[in-house]
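>>> Show me the folded form of this:
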Amino acid sequence: MMSRGVVKVKAQSAAVIVPPKELIIPKYCESIHQTKRRPTRTVHIGKVEVGSKHRVALQTMTTTDTRNVQATVDQVKKCADAGADIVRITVQGKREAEACYKIREQLFKDRYDVPLVADIHFQPAVAMMVAECFEKIRINPGNFADGRKTFETINYDDPAQFAAERDYIEEVFTPLVKKCKDLGRAMRIGTNHGSLSARILSYYGDTPKGMVESAFEFADICRKHDYHNFVFSMKASNPLVMVQAYRLLAEEMYKKSWDYPLHLGVTEAGEGEDGRMKSAIGIGALLMDGLGDTIRVSLTEDPEYEIDPCNRLASLGQTACSTGLGVPAFEEKTRDTHTFSRRVGDLPKQVEGEQYDFRGLLHRDGTVFSVVNVEELKQPEFLYKKLGAKLVVGMPFKDIATSDSVIMRQIPPSSDAEGRRALRRLQEVTVHTIVPAAVLAADPLPGAVTLHTLKDAVKAHKAGGVKLPEGSTRLAIEVDGTETTEEISALKTLNPVVVLLNIADGVSRIHASRRVFEVIKSHEISTPVIHHIRFPAGAVRDEIVINTGTYVGGLLVDGLGDGAVIEAPHEDLEFLRTTSFGLLQGSRMRNTKTEYVSCPSCGRTLFNLQEVTEQIRQKTGHLPGVAIAVMGCIVNGPGEMADADFGYVGGAPGKIDLYVGKEVVKRAIPMEQACDELVQLIKDHGRWVEPAKEEEPAAVPA
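Numbering: from 1, shown residues only. Model prediction:
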């Protein structure tokens with residue numbers, strides 16, 4: 001244990017650092033240091049104008065059977081009343097197309113002129129029919145001309161053969177282009193990562209490049225016929241893939257001097273906080289770069305409930321653009337927008353003679369800290385549960401989703417034996433306590449990690465060294481984004497165990513953080529960086545989830561950050577912890593629970609998606625590291641399940657197909673048995689564990 005005095009902070013692990021390669025970041029947005037709306041043309045969708053000169057338009061999609069005209073009309077009206085600017089309806093066949101005429105007519109009679117979009121897969125003839133009555137047609141390049149989804153590999157020894165097949169696509173697609181042009185209809189060329197054609201997969205692979213090129217083939221045909229009233233989308237269930245694809249699309253459009261608007265969305269995002277978080281990570285990241293003109297948040301919920309998170313995201317993007325959110329210009333040479341790679345900081349190494357084991361202070365896959373107050377220590381067992389610890393005879397032990405360490409702005413005085421004991425029990429299981437230097441100087445806590453602001457630490461270092469209070473052997477540094485390059489580069493000399501990136505109020509988190517990481521990477525600083533985001537009293541849960549996904553997830557999609565801490569003094573500690581873990585899982589960092597890829601339902605869905613998803617979640621939600629896809633139909637199923645271990649897909653009315661990866665292994669299982677069959681399938685593949693029994697905290701006497 002070190003005594004009080006001037007010390008040199010111990011070095012952490014001596015990792016081999018590879019100097020960062022310098023990158024010339026291609027232009028994919030107007031500015032990397034300020035949110036500026038990407039200039040686009042205006043696309044007319046009925047009464048709604050979409051493009052950079054207009055506010056971000058909000059969309060959703062009905063879940064009713066399109067043939068049930070009144071039910072669909074009622075749901076469209078409910079969505080419009082909730083604030084939807086545009087509503088999409090699935091149109092899978094001629095009977096549905098015939099119903100669309102009646103739906104449009106009835107809505108006009110009821111004085112609802114909300115534009116309607118026909119969602120088309122596989123059926124060019126149906127698209128031609130419904131273009132007569134709907135304001136917009138969504139086509140999927142992956143199956144509009146190439147037919148149903150397969151994973152057949154086609155060998156294109158001669159690129160000319162691949163190009164020649166475009167002639168067939170043009171033959172099939174051109175009539176719809178001409179019709180939309182003649183009738184003044186809009187179109188969305190909507191690529192889905194999960195439904196790329198066998199032709200594109202064979203030539204480009206399962207890549208963002210393939211997604212973009214697939215869309216461009218159809219756009220070239222539109223342009224050939226001087227039809228420009230269309231938008232693009234590049235959807236995926238993985239936010240990282242989605243962001244990469246949209247950026248590449250925008251980059252290629254800059255090169256071509258194209259100015260078509262973008263429709264943003266993370267497909268199959270799921271439900272509840274997880275669905276909102278994944279959507280915010282993907283959509284929010286792009287909006288902060290000024291990309292996106294209309295958005296949809298795809299949730300496994302009733303469609304009108306999509307509008308609130310949709311509106312929150314749109315407001316964040318519009319406010320950022322209108323206020324010129326950003327920081328002074330800086331040069332960026334280390335962020336790779338084409339290939340994802342995560343900057344991983346060095347984990348702590350144990351030093352001989354230290355009282356506590358500091359190797360658990362951080363987690364290799366992503367760290368979660370929690371902010372704890374003194375009052376919460378008065379009920380230690382309840383605190384341990386809220387931190388995600390297992391209780392064994394009232395003693396805490398780290399579990400898979402336990403907060404890695406805690407931050408305390410004040411600590412129990414040394415005279416408070418019970419409070420100090422509660423903290424010590426956390427320290428003994430490597431849940432460490434990070435405390436401001438001034439607080440520790442007044443009343444030291446053995447084993448605490450001392451927190452200094454970077455500016456104070458730099459001053460102290462210049463004056464002879466950073467002073468750690470008695471009993472503290474580790475230093476944490478807080479960075480607020482306003483520091484100079486020289487101050488940030490001093491982190492290499494200070495060598496803290498962790499950096500808390502707690503951006504100052506009024507400073508753009510996205511842009512200031514990019515600058516901080518640019519300095520850190522260019523100076524080969526290997527300290528882990530944890531994002532610390534704060535919310536004022538009164539912030540509601542949806543705001544916390546959406547803003548965290550946007551401002552922190554928008555950095556994690558670039559591999560910038562080693563974890564997160566969400567601070568909201570009025571909120572439940574457990575909610576903030578689970579939201580932090582949801583952020584890391586949504587950003588493809590640390591898996592602490594079962595991952596669900598769940599479609600939002602539509603008229604194609606062959607079962608009640610919300611009920612079935614909840615049934616599956618109840619039986620399988622305790623399997624961290626296992627990914628399960630729940631798909632209402634086959635349109636995107638096998639492709640979006642590429643990242644999933646197991647799949648539950650509607651194959652026919654009342655019948656379910658089960659998948660392992662992309663391969664169907666059981667067909668036509670009666671729905672009543674399918675959930676149990678899925679569990680058995682997971683067991684057969686060695687991925688099942690029985691749910692753990694949890695010990696409840698002892699009741700506190702009144």
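>>> which residues of the stretch 601-702 of the chain score low on pLDDT?
For the stretch 601-702 of the chain, the stretches flagged by pLDDT under 70 are 601-607, 633-643, 694-702.
>>> All the strands of it, residue numbers only.
627-631, 646-652, 655-660, 663-670 (DSSP state E, counting those that start in this stretch).
>>> Give me the buried positions along the longest one.
Going back to what we said before, that points to strand 663-670. Buried residues in strand 663-670, counting neighbours by 16 or more other CB atoms under 10 Å, are found at 664, 666, 669. Placement of C-beta: from N, CA and C, glycine included.
>>> could you check the angle strand 655-660 makes with it?
Angle between the axes of strand 663-670 and strand 655-660 is 150 degrees (criterion: axes from the mean of the first three to the mean of the last three CA atoms, to 10 degrees).
>>> and if you look at the second one?
With the same axes, to 10 degrees applied, the angle from strand 646-652 to strand 655-660 works out at 150 degrees.
>>> ok so, going back, of all the strands of the stretch 601-702 of the chain, which one comes closest to V297?
strand 627-631 (17.7 Å; CB to CB).
>>> Paired strands for the closest one, with orientation please.
Using DSSP bridges, the strands paired with strand 627-631 are strand 595-598 (parallel), strand 646-652 (parallel).
>>> quick revisit: may I see the strands of the stretch 601-702 of the chain arranged in CSV, with distance to K109 as well?
As requested, the strands of the stretch 601-702 of the chain are arranged in CSV below (distance: least, CB to CB, whole Å):
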stretch, distance to K109
strand 627-631, 35
strand 646-652, 34
strand 655-660, 38
strand 663-670, 42
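>>> Of all those, which one is nearest E217?
strand 627-631 (26.1 Å).
>>> outside of the closest one, which residues touch it?
The set of residues external to strand 627-631 that reach it, using CB atoms under 8 Å, 6 or more residues apart in numbering, is 268, 300, 594-599, 609, 612-613, 616, 620, 637, 640-641, 643-650, 659, 678.
>>> Show the buried residues in the residues you listed.
By 16+ other CB under 10 Å, the contacts of strand 627-631 give 268, 300, 594-599, 609, 612-613, 616, 620, 637, 640-641, 643-650, 659, 678 as buried.
>>> Buried ones in the strand or helix carrying V241, by neighbour count?
When elements are assigned from DSSP states H and E, V241 belongs to helix 239-256. Buried residues in helix 239-256, counted by 16+ other CB under 10 Å: 239-254.
>>> cool, stretch 477-490 as well?
Applying 16+ other CB under 10 Å to stretch 477-490 flags 477-481, 483, 487-490 as buried.
>>> can you list the residues you listed in CSV and add pLDDT and secondary structure?
Listed next are the buried residues of stretch 477-490 as CSV, based on pLDDT from 0 to 100; DSSP: H, G, I helix; E, B strand; the rest coil:
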residue, pLDDT, secondary structure
I477, 98, strand
E478, 98, strand
V479, 98, strand
D480, 98, coil
G481, 97, coil
E483, 97, coil
E487, 97, helix
I488, 98, helix
S489, 97, helix
A490, 96, coil
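>>> With respect to P412, which of the buried residues of helix 239-256 is nearest?
P239 (40.5 Å).
>>> Find the nearest non-adjacent residue to the closest one, please.
Sequence neighbours aside, G282 is the residue nearest to P239 in space, at 3.7 Å (criterion: CB to CB, 6 or more residues apart in numbering).
>>> Check that neighbour and give its pLDDT.
On pLDDT, G282 comes in at 97.
>>> tally of neighbours for it?
By other CB atoms under 10 Å, 35 other residues sit near G282.
>>> Next, the contact list for it, please.
With CB under 8 Å, 6+ apart, G282 has these contacts: 239, 242-243, 264-266, 553, 557.
>>> Format these as a markdown table; extra columns: pLDDT and distance to V393.
Below are these laid out as a markdown table (pLDDT from 0 to 100; distance: CB to CB, whole Å):
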| residue | pLDDT | distance to V393 |
| --- | --- | --- |
| P239 | 94 | 41 |
| M242 | 95 | 46 |
| V243 | 97 | 46 |
| L264 | 98 | 51 |
| G265 | 95 | 49 |
| V266 | 93 | 44 |
| G553 | 98 | 39 |
| V557 | 97 | 43 |
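>>> which intervals of the stretch 1-150 of the chain have sub-threshold pLDDT?
1-24, 147-150.
>>> Helices of the stretch 151-300 of the chain, residue ranges please.
Using DSSP state H, counting those that start in this stretch, the helices found in the stretch 151-300 of the chain span residues 159-164, 166-183, 198-204, 208-224, 239-256, 272-279, 285-287.
>>> Among those, which one carries the weakest average confidence?
Among the helices of the stretch 151-300 of the chain, helix 159-164 scores lowest, at a mean of 77.
>>> List the buried residues in that helix.
F162.
>>> Stretch 288-307 now?
Buried, per 16+ other CB under 10 Å, within stretch 288-307: 288-304, 306-307.
>>> how about that stretch as CSV, C-alpha atoms only?
The C-alpha coordinates for stretch 288-307 follow below in CSV (Å, rounded to 0.1, in the frame of the first residue of the first chain):
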residue,chain,number,x,y,z
MET,A,288,-25.5,13.2,-36.2
ASP,A,289,-23.6,13.2,-39.5
GLY,A,290,-26.4,15.0,-41.3
LEU,A,291,-27.6,11.9,-43.1
GLY,A,292,-31.3,10.9,-43.3
ASP,A,293,-34.4,12.6,-44.6
THR,A,294,-37.1,10.1,-43.5
ILE,A,295,-36.9,7.4,-40.8
ARG,A,296,-38.7,4.4,-39.4
VAL,A,297,-38.1,2.8,-36.1
SER,A,298,-39.0,-0.9,-36.6
LEU,A,299,-40.4,-2.4,-33.4
THR,A,300,-42.2,-5.6,-32.6
GLU,A,301,-45.0,-3.5,-31.2
ASP,A,302,-48.2,-1.9,-32.5
PRO,A,303,-47.1,0.5,-35.3
GLU,A,304,-48.4,3.7,-33.6
TYR,A,305,-45.9,3.1,-30.8
GLU,A,306,-43.0,3.5,-33.3
ILE,A,307,-43.8,7.2,-33.8
